[in-house]
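K.L.:
Next input, structure requested:
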Amino acid sequence: MKRHIVSSSDPITLIGGGDAEVSQLTEALNIAPICVAADSGAELARRANVPLRAVIGDMDSISADTLSQIPQDRQIIVSEQETTDFDKALRYIEAPLVIGLGFLGGRIDHQMHALHVLALHADRPCILIAQTEIVLIAPPAIALPAEPGDVVSIFPLGPVTGRSQGLEWPIEGLAFDTLSKVGTSNRATGHITLEMSAPNAVLVLPRRLLQPAAHAIVSAAAAGWPPRAG
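P.N.:
From the prediction side, this is the model:
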């Protein structure tokens, strides 16, 4: 069996079973038109009348009625219980970008694990949508049309250094690490550029930057990022 069962040359929208709204789904589908659900994320797709390319997970939280409406050849059952459905879905998707919703908000431990999965599978480029923000692993270089006052947070999940332009507090010379130095609540002075030494930094940005961030991640992936790929 192929490791990546859902394969697409276009970005994919992935719906989780957590806090998510139809407006977030619509926003994601405008960029990533192919829709996949992680287990009970299929419920939102059903309510929004959005067809699913696949549903991935252990199927322990999706309703029997919703599951019965998804063709069996689109049900990818990953029965192990050691990982979350988000983890399972990223492992079984191959695409230039995954835009996820329904993975942030709600329980703090679920959100923390979502960040862990982003870093663990940095070879699967992914942006998560929250209520007012987006979250992604910072690529080696990214340029974004931020506006003065935009909050730009860098939270390391491992050792990483970087350089910046357009931030109120430049990051060059800082050794980021979870237990020693983090970069939350920085602010943009305008258009920003970031260069990061490793795929270990979670970048938190205003949600309105979703589209340019998506374009930047797709471009970085096309250029061979991240170094952990494969």
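
K.L.:
Domain map for this structure?
P.N.:
Residue ranges for the domains of the chain, per automatic domain parsing: 6-131, 133-225.

K.L.:
ok now the longest one, how far from the chain's centre?
P.N.:
On the basis of Cα atoms, centre = their mean, to the nearest Å, domain 6-131 sits 10 Å off its chain's mean C-alpha point.

K.L.:
Then stretch 197-205?
P.N.:
12 Å.

K.L.:
Give me the distance between the two termini of that stretch.
P.N.:
Distance between the boundary residues of stretch 197-205 (Cα to Cα, to the nearest Å) amounts to 19 Å.

K.L.:
same thing with stretch 17-35?
P.N.:
Taking Cα to Cα, stretch 17-35 runs 14 Å from one end to the other.

K.L.:
now swap in stretch 16-23 and tell me
P.N.:
14 Å.

K.L.:
Compute the mean per-residue pLDDT across that stretch, please.
P.N.:
Stretch 16-23 comes out with an average pLDDT of 92.

K.L.:
In that stretch, which residues are buried?
P.N.:
16-20 (16 or more other Cβ atoms under 10 Å). Where C-beta positions appear, they are placed from N, C-alpha and C, glycine not excepted.

K.L.:
Other residues contacting it?
P.N.:
With contact meaning Cβ atoms under 8 Å, 6 or more residues apart in numbering, stretch 16-23 is reached by 38-41, 43-44, 47-48, 61-62, 85-86, 100-107, 110, 131.

K.L.:
Among those, which lie within strands?
P.N.:
Using DSSP state E, the members of these that fall in strands are 38, 100-101.

K.L.:
Kindly provide the distance from the residue nearest to residue 16 when sequence neighbours are not counted to residue 190.
P.N.:
Excluding the flanking residues, the one nearest residue 16 by Cβ to Cβ, 6 or more residues apart in numbering is residue 102, at 3.3 Å. Distance of residue 102 to residue 190, computed by Cβ to Cβ, to the nearest Å: 32 Å.

K.L.:
Quick check on the two: which one has the bigger neighbour count.
P.N.:
Higher neighbour count among residue 102 and residue 190: residue 102, with 27 against 13, using other Cβ atoms under 10 Å.

K.L.:
In contact with the more buried one: list those residues for me.
P.N.:
Shown in contact with residue 102 (Cβ under 8 Å, 6+ apart): 15-20, 38, 41, 44.

K.L.:
Just the ones of these in helices?
P.N.:
Taking DSSP state H, the ones among those that sit in helices are residue 44.
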